[in-house]
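Participant: sequence and predicted structure below; questions after.
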Amino acid sequence: MNTGRWGADLRYSARHPWARAGARTCAVTATLMLVAAAVWWPERHEQAALEDKIASKRSELVETKQTDELLRAYAQARKEVALLEEKLEHAVTQSQLVENFARLARKNGVKIVSLTYEDGRAAGAQRMLGTELAVQGGYPALRDFLRDVSALPTWSEVQEVRLESVQGAPTQKGRIRVMTYRGAPAEPGRPS
């Protein structure tokens, strides 16, 4: 009985001009919403697909960049290993090492006051020569001298540096301990 009464009230209300205009407006609005949704839905899927494609391209670009960086690092390491092997095979004598240090000191404006040597072996079978240099010079010259030790044709490492200022002079004096790893000297009758 209540349903009949509701239905009658609805039919009566539907005859009013404002109710009819409201129903038409609702129908037009619902149609416009369906059209907008029909246009928006495929575009949203296209946009999502495009965003996924951009993300995958970005990932590929990052991976390619990392691969290029790794290849450059590998090539640099390979070049440095070859240089290190060449330095390790260099059979330098004590007199050649004295000459190398003297040339390096002249180049950088450092005075070598004295040199002492200690011949020995590293933890493995590699021969080494410990050198202690008493030096004197300006701080920038000593810094450049230390930096250039790695440019020698042998594998030479600075192990210890002790510097002190000279009273009343702009120079420094100090002791530098350098370890030089050397290859075996060439045997007679064998090409080096």
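Facilitator: Great, that's in hand.
Participant: average pLDDT across the helix or strand residue 19 falls within?
Facilitator: Residue 19 belongs to helix 17-89 when assigned by DSSP states H and E. Averaging pLDDT along helix 17-89 gives 90.
Participant: domain-wise, how is this protein divided?
Facilitator: 16-89, 91-182 (automatic domain parsing).
Participant: most neighbours per residue, which of the ones you listed?
Facilitator: Highest mean neighbour count among those (mean count of other Cβ atoms under 10 Å): domain 91-182, with a mean of 15. C-beta here means a position set from N, CA and C on the backbone, and glycine is covered the same way.
Participant: pLDDT at residue 125, what is it?
Facilitator: For residue 125, the predicted pLDDT is 64.
Participant: now residue 13: how far from residue 73?
Facilitator: 81 Å (Cβ to Cβ, to the nearest Å).
Participant: one more: residue 180?
Facilitator: Applying Cβ to Cβ to residue 180 and residue 73 gives a distance of 28 Å.
Participant: same thing with residue 150?
Facilitator: To residue 73, residue 150 is 19 Å away according to Cβ to Cβ.
Participant: try residue 170
Facilitator: 42 Å.
Participant: go on, residue 66?
Facilitator: Where residue 73 is concerned, residue 66 sits at a distance of 10 Å (Cβ to Cβ).
Participant: quick one: end-to-end distance for stretch 117-129.
Facilitator: With Cα to Cα, to the nearest Å as the measure, stretch 117-129 spans 7 Å from end to end.
Participant: also stretch 167-178?
Facilitator: Note: stretch 167-178 ends 26 Å apart using Cα to Cα.
Participant: contacts for it next, please.
Facilitator: Under the criterion Cβ atoms under 8 Å, 6 or more residues apart in numbering, residues 113, 130-139, 142, 146, 149, 156-166 lie in contact with stretch 167-178.
Participant: which of these fall within helices?
Facilitator: Per DSSP state H, helices hold the following members of these: 139, 142, 146.
Participant: ok, so of the residues you listed, who is nearest residue 84?
Facilitator: Of all the ones in helices among the contacts of stretch 167-178, residue 84 sits closest to residue 146, with 19.2 Å by Cβ to Cβ.
Participant: what's the closest non-adjacent residue to the closest one?
Facilitator: The shortest distance from residue 146 to any non-neighbouring residue, by Cβ to Cβ, 6 or more residues apart in numbering, is to residue 158 (5.7 Å).
Participant: for the one you found, which residues count as its bridge partners?
Facilitator: Residue 158 has the following beta-bridge partners by DSSP bridges: residue 178.
Participant: list the contacts for the residue lying closest to residue 155 once chain neighbours are set aside?
Facilitator: Closest residue in space to residue 155, ignoring its immediate chain neighbours: residue 87 at 4.1 Å, by Cβ to Cβ, 6+ apart. Taking Cβ under 8 Å, 6+ apart as the contact definition, residue 87 lies against 153-155, 181.
Participant: distance of residue 87 relative to residue 105?
Facilitator: According to Cβ to Cβ, residue 87 and residue 105 sit 20 Å apart.
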